[in-house]
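Asker: Let's see this in three dimensions:
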Amino acid sequence: MTTSIPLEGQPVVSPRGLGWSARRRRDGWLMVAPAVLLILALGVYPLISSLVLSFRRWDLQSHETPFIGIANYAEAVADARHWGSWANTLAIVVSAVSLELLLGFGLALLLLGDFRGKRLLLPLLMLPVMMVPVVVGLTWRMLWDNQYGPINHLLGLVAGRDVNIVWLAHRDTALAAMVVTDVWQWTPFMLLVLLAGLTGVNPELYEAASLDGAGWWASLRDISLPGIAPVVAVAVLFRALDAFKLFDLVFMFTQGGPGTSTESISWYIYQLGFRFFRLGYASAVSYVAVVILTVVATVYVARFLREIPE
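Answerer: The predicted structure is shown next:
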């Protein structure tokens, strides 16, 4: 029996006809196939199914689900309540993320140096992020209570008189309460990300700036902020996209009231689908939200991430 030796440059072929590299690729696909199938079943299929549903009329008025084209999307464009929920969501997201960025950056600067108690303080500051959002909403709902909540009591001590603000009964105060609650919960996330970014800045740059006579503000403006610009851009993007899914605080605080004045876009879609059972229209509104957020995220990435020097 003779054994053929492959020439240089020819693939090694096993007796079964598959080369080593081909068998490696095949085995790799077999190993990841369960995960890929699970992702397709839990992610891609619902997206396609809801997209098909958005072109149909699915409600309790009929047992049939006829194809109606873009009628659901046309209704969404003309729906004042839909755009009102967008206005509420945008007001909360812009206010909350801006405050979280400023407070998180300030705390990151304070925690950047070495001081006693830092290892204990940092885990304590992370506690709000680890809490379940519904628990956060229920806790802060009691804090905002106009009769028994401590917030009015503390304001009364500062003002020197009784304060009885019904925080969750009016649109402006309810939105302000949601912003404060969201800032309390998610500022530690910004703190952690920005602290990691500041820690990664080359300390030799600060030493060189100090030798050149640069002060604290000049070092912050010319070294710290440019050094963590990519981190800030990514943190704001992730946090803003997550904040647009605001649902728990609306559910626990006002459930969209009074009337529909504090509805978020997520709460409005939930109401359409699971209270009014207009699943076709709810799917269309959901895809309008997907398109808007995709366009905004794409413009943001092109404007703030691609222009950042490496």
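
Asker: Can you pull out the residues in contact with stretch 87-99?
Answerer: With contact meaning C-beta atoms under 8 Å, 6 or more residues apart in numbering, stretch 87-99 is reached by 175, 178-179, 182-183, 186-187, 236, 239-240, 243-244, 246, 261-266. All C-beta atoms are positioned from the backbone trio N, CA, C, and that covers glycine.

Asker: let's see 6 Å
Answerer: For stretch 87-99, contacts defined as C-beta atoms under 6 Å, 6 or more residues apart in numbering pick out Met178, Val179, Asp182, Val183, Arg239, Ala240, Ala243, Phe244, Thr262, Ser264, Ile265.

Asker: CA-only coordinates of that stretch, as PDB, when you get a sec.
Answerer: Provided in PDB are the C-alpha atoms of stretch 87-99 (Å, rounded to 0.1, in the frame of the first residue of the first chain):
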ATOM      1  CA  ALA A  87     -42.600  65.000  22.800                       C
ATOM      2  CA  ASN A  88     -42.800  63.700  26.400                       C
ATOM      3  CA  THR A  89     -40.200  61.000  25.700                       C
ATOM      4  CA  LEU A  90     -37.800  63.500  24.100                       C
ATOM      5  CA  ALA A  91     -38.200  66.000  27.000                       C
ATOM      6  CA  ILE A  92     -37.400  63.300  29.500                       C
ATOM      7  CA  VAL A  93     -34.500  61.800  27.500                       C
ATOM      8  CA  VAL A  94     -32.700  65.100  26.800                       C
ATOM      9  CA  SER A  95     -33.100  66.400  30.300                       C
ATOM     10  CA  ALA A  96     -32.100  63.100  32.100                       C
ATOM     11  CA  VAL A  97     -29.200  62.200  29.800                       C
ATOM     12  CA  SER A  98     -27.700  65.700  30.000                       C
ATOM     13  CA  LEU A  99     -27.900  65.800  33.800                       C
END
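
Asker: In that stretch, which residues are buried?
Answerer: With burial defined by 16 or more other C-beta atoms under 10 Å, the residues of stretch 87-99 counted as buried are Asn88, Thr89, Ala91, Ile92, Val93, Ser95, Ala96, Val97, Leu99.

Asker: Of these, which pair is most distant in space?
Answerer: Asn88 and Leu99 (17.0 Å; C-beta to C-beta).

Asker: helices or strands up against the strand or helix carrying Met178?
Answerer: Using DSSP states H and E, Met178 sits within helix 171-199. Counting contacts by 3 or more C-beta pairs under 6 Å, 6 or more residues apart in numbering; DSSP states H and E, helix 171-199 packs against helix 80-111, helix 127-130, helix 229-243.

Asker: got CSV for those, with distance to Ala297 and mean pLDDT too?
Answerer: Shown next, in CSV, are the helices and strands packed on helix 171-199 (distance: least, C-beta to C-beta, whole Å; pLDDT from 0 to 100):
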stretch, distance to Ala297, mean pLDDT
helix 80-111, 13, 95
helix 127-130, 22, 92
helix 229-243, 7, 93
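
Asker: now those as JSON lines including distance to Arg119?
Answerer: As requested, those are exported to JSON lines (distance: least, C-beta to C-beta, whole Å):
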{"stretch": "helix 80-111", "distance to Arg119": "10"}
{"stretch": "helix 127-130", "distance to Arg119": "15"}
{"stretch": "helix 229-243", "distance to Arg119": "22"}
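
Asker: Those helices: which one's closest to Tyr206?
Answerer: Nearest to Tyr206 among the helices and strands packed on helix 171-199 is helix 80-111 (12.7 Å), distances taken as C-beta to C-beta.

Asker: How far does the closest one sit from its chain's centre?
Answerer: The chain centre lies 11 Å from the centre of helix 80-111; the measure is C-alpha atoms, centre = their mean, to the nearest Å.

Asker: immediately after it, which helix or strand?
Answerer: Sequence-wise, the next helix or strand downstream of helix 80-111 (DSSP H and E) is helix 118-125.

Asker: pLDDT at the nearest residue to Ile68 once chain neighbours are set aside, what is it?
Answerer: Excluding the flanking residues, the one nearest Ile68 by C-beta to C-beta, 6 or more residues apart in numbering is Arg57, at 5.0 Å. In this model, Arg57 is scored at 91, pLDDT.

Asker: since we're on Tyr268, how many residues are nearby?
Answerer: 24 (other C-beta atoms under 10 Å).

Asker: In contact with it: list those residues for me.
Answerer: Here Tyr268 is in contact with Ser85 (criterion: C-beta under 6 Å, 6+ apart).

Asker: For it, what are phi and psi?
Answerer: Here is the backbone geometry of Tyr268 (degrees, to the nearest 10): phi -60, psi -40.

Asker: Quick check: it vs Tyr73, distance?
Answerer: Separation of Tyr268 from Tyr73 (C-beta to C-beta, to the nearest Å) stands at 15 Å.

Asker: Please apply the same query to Leu60.
Answerer: 21 Å.

Asker: who's more crowded, those two?
Answerer: Neighbours were counted for Leu60 and for Tyr73 using other C-beta under 10 Å; Tyr73 has more, 17 against 9.
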